[in-house]
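Colleague: Give me a model of this one.
(one chain, ligands or ions: 2)
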Amino acid sequence: MEHLDAIVIGMGPGGEVVADRLLAAGKRVAVVERELIGGECGYYACIPSKTLIRPPEVRQDAVEAAALDRPGLDWPALRAYRDRMIRHLDDSEQVQGYRDRGALVLRGEARVVGRDPWRVAVDGREYTADHVVVATGSSAVRPPIEGLDALGPDRVWTNREATTLTEIPGRALVVGGGAVAVELGQFLARTGSRVTLVQRGDRLLGREEPRLGELVAEQFARDGVTVRPGAQVESAAADGDGVAAVLDSGERVTADVLVLATGRRPRGDGLGLDALGVEADRGALAVDGHCRVAPGLWAVGDVTGRALFTHVAKYQGRLAAANILGGDRRADYTGVPRVVFAHPEIAGVGLTAAQARERGVDAVTAEIDLPETLARPWTHATDPRGTLGVVADRDAGVLVGAWAIGPMVSEWINTAALAIRARIPVGYLIDSTPQFPTFNEGYVAALEQLGL
Ligand SMILES: Cc1cc2nc3c(=O)[nH]c(=O)nc-3n(C[C@H](O)[C@H](O)[C@H](O)COP(=O)(O)OP(=O)(O)OC[C@H]3O[C@@H](n4cnc5c(N)ncnc54)[C@H](O)[C@@H]3O)c2cc1C
Ligand SMILES: NC(=O)c1ccc[n+]([C@@H]2O[C@H](COP(=O)([O-])OP(=O)(O)OC[C@H]3O[C@@H](n4cnc5c(N)ncnc54)[C@H](O)[C@@H]3O)[C@@H](O)[C@H]2O)c1
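Modeller: Ligands and ions are numbered 1, 2, ... in the order given. So this is what the prediction gives:
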């Protein structure tokens with residue numbers, strides 16, 4: 001039986017970072033992947049969705065900038081570029097790349113079949129290792145909608161069918177109100193689909209500051225998306241080539257496709273770990289601050305159930321690799337930005353005001369309208385919109401949360417992320433000199449309003 005320094009199970013962004021670092025340190029590493037090296041992110045999530053969103057975004061920017069006409073959208077050309085970005089669902093170059101760097105590349109479903117030492121079975125063969133890293137990601141949740149399972153993937157899409165779509169559906173019923181629903185719902189609406197979004201909670205992006213949900217709903221109204229908050233789909237059935245859904249209110253909605261955007265379930269069960277004394281909690285493997293599950297067993301990425309983002313998977317990957325190599329790095333999630341790549345972009349970081357108060361923080365908040373306060377929105381667009389909110393700890397004099405909707409927020413939210421993580425005093429932030437004219441100038445204006 002072959003013995004390795006480490007076996008990495010699942011080669012999405014989290015697994016890749018661990019494997020890359022251990023290989024660079026000269027370790028003997030096996031990587032196991034049952035589908036495609038690059039994971040959900042590379043083929044069915046972040047990369048295709050951001051690639052698809054970009055042309056409608058540029059088109060809208062052109063419409064909103066002075067003196068430009070509305071550019072046309074060539075769907076077959078966009079589809080072809082998306083296919084190139086997802087490597088035509090072919091990872092042979094990635095497989096070869098890992099082999100060239102000395103990795104043992106195992107294609108297939110891994111199961112953990114023993115411990116002391118850890119033993120992993122793939123395709124009928126077993127391997128032992130000093131360290132096993134579980135990086136198996138998450139799957140789309142299928143809510144209990146009557147009749148759903150009788151409908152095939154041509155009528156019911158998860159993120160997989162949605163991000164690899166070949167035609168824009170005439171009508172789409174999007175179920176959910178999180179990042180996936182907002183990004184995909186707006187993309188479909190802006191490429192010509194008539195979109196109805198059914199959301200269980202009372203507002204979009206329910207984990208963010210409530211005000212942000214209101215502003216997103218206003219944007220969706222401008223995009224012509226029909227939003228049904230506080231509603232659920234009870235049943236779905238075939239209707240011609242499409243689907244007819246009945247909501248709990250009794251309303252009937254027909255569409256060409258029903259798009260599930262109802263959350264993700266970590267893939268920590270089904271690996272055989274429960275038989276070895278390691279239980280998953282609703283699919284999630286609990287990790288300590290070092291990303292360790294048990295001695296010699298590590299987990300990174302969505303499977304940990306902690307902030308399901310690629311940047312978190314990569315961060316945990318860097319930590320786990322450092323710790324396997326003898327380091328002592330502990331995770332700190334206080335400044336993790338949460339970006340929704342809608343147009344305009346949406347972001348939150350740190351705590352909402354309510355979360356801060358629940359933790360006993362004397363929270364003080366401010367909100368600024370970006371066009372009322374700054375020059376940059378007006379050099380960017382003729383009828384600009386955008387809002388920045390900040391949440392500070394009055395006693396400590398530091399920022400504990402921030403949220404924004406506006407152009408390029410995905411970039412400038414990092415100013416707040418760093419300030420929150422490093423507990424940079426608000427007075428120091430106010431004394432900084434963000435360049436003119438930028439959206440970053442908004443922080444000085446918002447923080448001054450706190451009156452700390
Ligand atoms: C539509 C959509 C858009 C998104 N956009 C963004 C974004 O813009 N930015 C962002 O930060 N996050 C985004 N996310 C979230 C992001 O995709 C995940 O957080 C990220 O993919 C997690 O990486 P991971 O390495 O944990 O797992 P994954 O990317 O899920 O990879 C896990 C891999 O493990 C493999 N695997 C599973 N079980 C086994 C097994 N038993 N044996 C062998 N292999 C196995 C799988 O085949 C897969 O390749 C998006 C998600 C969705 C659904
Ligand atoms: N830009 C990004 O970084 C990005 C983009 C997409 C996804 N992601 C990540 O992927 C993960 C999954 O995203 P998501 O949007 O699928 O999940 P989510 O958990 O963020 O949101 C799920 C939404 O679906 C709603 N919902 C659940 N069941 C429902 C039902 N039966 N009927 C109606 N509504 C229902 C919930 O109320 C919630 O609004 C998230 O953790 C997210 O952070 C990140």
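
Colleague: C-alpha only now, for contacts and for neighbours.
Modeller: Will do.

Colleague: helix/strand/coil for Gly360?
Modeller: coil (DSSP: H, G, I helix; E, B strand; the rest coil).

Colleague: ok, it - how many residues close by?
Modeller: Residue neighbour count, defined by other C-alpha atoms under 10 Å, stands at 10 for Gly360.

Colleague: Tell me how far it lies from Gly124.
Modeller: 54 Å (C-alpha to C-alpha, to the nearest Å).

Colleague: The host helix or strand of Gly442: which residues count as buried?
Modeller: According to DSSP states H and E, Gly442 maps onto helix 441-449. Buried positions in helix 441-449, judged by neighbour count with 16 or more other C-alpha atoms under 10 Å: Glu441, Gly442, Tyr443, Val444, Ala445, Ala446, Leu447.

Colleague: chain center to it: distance?
Modeller: 28 Å (C-alpha atoms, centre = their mean, to the nearest Å).

Colleague: Just the CA trace of it, in PDB.
Modeller: This file holds the C-alpha atoms of helix 441-449, laid out as PDB (Å, rounded to 0.1, in the frame of the first residue of the first chain):
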ATOM      1  CA  GLU A 441     -13.500  58.800  -0.200                       C
ATOM      2  CA  GLY A 442     -16.900  57.800   1.000                       C
ATOM      3  CA  TYR A 443     -15.400  56.200   4.200                       C
ATOM      4  CA  VAL A 444     -14.100  59.500   5.500                       C
ATOM      5  CA  ALA A 445     -17.500  61.100   4.900                       C
ATOM      6  CA  ALA A 446     -19.500  58.300   6.500                       C
ATOM      7  CA  LEU A 447     -17.100  57.900   9.500                       C
ATOM      8  CA  GLU A 448     -17.200  61.700  10.200                       C
ATOM      9  CA  GLN A 449     -21.000  61.400  10.500                       C
END
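
Colleague: Show me where the stretch 101-250 of the chain has its strands.
Modeller: 104-107, 110-114, 118-122, 125-134, 138-140, 156-157, 171-175, 194-198, 226-228, 233-239, 242-247 (DSSP state E, counting those that start in this stretch).

Colleague: swap in the stretch 301-450 of the chain?
Modeller: Taking DSSP E, counting those that start in this stretch as the criterion, the stretch 301-450 of the chain carries its strands at 338-340, 345-350, 363-369, 387-393, 398-406.

Colleague: coming back round to it: can I get the strands of the stretch 101-250 of the chain in JSON lines including mean pLDDT and mean neighbour count?
Modeller: JSON lines is the format used below for the strands of the stretch 101-250 of the chain (pLDDT from 0 to 100; neighbours: other C-alpha atoms under 10 Å):
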{"stretch": "strand 104-107", "mean pLDDT": "98", "mean neighbour count": "17"}
{"stretch": "strand 110-114", "mean pLDDT": "98", "mean neighbour count": "20"}
{"stretch": "strand 118-122", "mean pLDDT": "98", "mean neighbour count": "20"}
{"stretch": "strand 125-134", "mean pLDDT": "98", "mean neighbour count": "21"}
{"stretch": "strand 138-140", "mean pLDDT": "98", "mean neighbour count": "18"}
{"stretch": "strand 156-157", "mean pLDDT": "98", "mean neighbour count": "21"}
{"stretch": "strand 171-175", "mean pLDDT": "98", "mean neighbour count": "25"}
{"stretch": "strand 194-198", "mean pLDDT": "98", "mean neighbour count": "23"}
{"stretch": "strand 226-228", "mean pLDDT": "97", "mean neighbour count": "18"}
{"stretch": "strand 233-239", "mean pLDDT": "98", "mean neighbour count": "18"}
{"stretch": "strand 242-247", "mean pLDDT": "98", "mean neighbour count": "20"}
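
Colleague: which one of these lies closest to ligand 1?
Modeller: Minimum separation from ligand 1 across the strands of the stretch 101-250 of the chain (C-alpha to the nearest ligand atom) falls at strand 110-114, 3.9 Å.

Colleague: residue nearest the centroid of the protein?
Modeller: Phe309 (4.2 Å; C-alpha atoms, centre = their mean).

Colleague: And the pLDDT at that residue?
Modeller: Looking at Phe309, its pLDDT stands at 98.

Colleague: Same check on the one 3 residues further on?
Modeller: The pLDDT attached to Val312 in the predicted structure is 98.

Colleague: which residues sit in contact with it?
Modeller: Gly301, Val336 (C-alpha atoms under 8 Å, 6 or more residues apart in numbering).

Colleague: at 7 Å what do you get?
Modeller: Gly301 (C-alpha atoms under 7 Å, 6 or more residues apart in numbering).

Colleague: And Leu297, by the same measure?
Modeller: His131, Val132, Val133.

Colleague: Closest approach to ligand 2 from the stretch 1-150 of the chain, which residue is it?
Modeller: For the stretch 1-150 of the chain, C-alpha to the nearest ligand atom, closest residue to ligand 2: Pro143, 4.9 Å.

Colleague: Just the pLDDT at that residue, thanks.
Modeller: For Pro143, pLDDT reads 96.

Colleague: Can you tell me the closest non-neighbouring residue to it?
Modeller: Distance criterion C-alpha to C-alpha, 6 or more residues apart in numbering; nearest residue to Pro143, sequence neighbours excluded, is Thr262 at 7.1 Å.

Colleague: May I ask you to confirm that Gly137 is in contact with Thr304?
Modeller: No - with contact defined as C-alpha atoms under 7 Å, Gly137 does not count as touching Thr304 (8.3 Å).

Colleague: could you pull out the helices for the stretch 251-400 of the chain?
Modeller: For the stretch 251-400 of the chain, helices defined by DSSP state H, counting those that start in this stretch occupy the ranges 310-324, 353-358, 370-373, 376-380.

Colleague: want to throw these into TSV with distance to ligand 1?
Modeller: Output for these, formatted as TSV (distance: least, C-alpha to the nearest ligand atom, whole Å):
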stretch	distance to ligand 1
helix 310-324	4
helix 353-358	22
helix 370-373	24
helix 376-380	23
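
Colleague: Could you single out the most deeply buried of those helices?
Modeller: Per residue and on average, the most neighbours among the helices of the stretch 251-400 of the chain fall to helix 310-324, with a mean of 22 (mean count of other C-alpha atoms under 10 Å).

Colleague: Now do it: distance to the chain's middle.
Modeller: 16 Å.

Colleague: how about the CA coordinates for that helix, as CSV?
Modeller: Extracted C-alpha coordinates of helix 310-324, given in CSV (Å, rounded to 0.1, in the frame of the first residue of the first chain):
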residue,chain,number,x,y,z
THR,A,310,-13.8,30.9,-2.6
HIS,A,311,-11.6,33.5,-0.8
VAL,A,312,-12.4,31.7,2.5
ALA,A,313,-11.6,28.3,1.0
LYS,A,314,-8.2,29.7,-0.2
TYR,A,315,-7.5,31.3,3.1
GLN,A,316,-8.2,28.1,5.0
GLY,A,317,-6.1,26.3,2.4
ARG,A,318,-3.1,28.6,3.1
LEU,A,319,-3.6,28.0,6.9
ALA,A,320,-4.0,24.2,6.7
ALA,A,321,-0.9,23.9,4.5
ALA,A,322,1.2,26.0,6.8
ASN,A,323,0.0,24.0,9.8
ILE,A,324,0.7,20.7,8.1
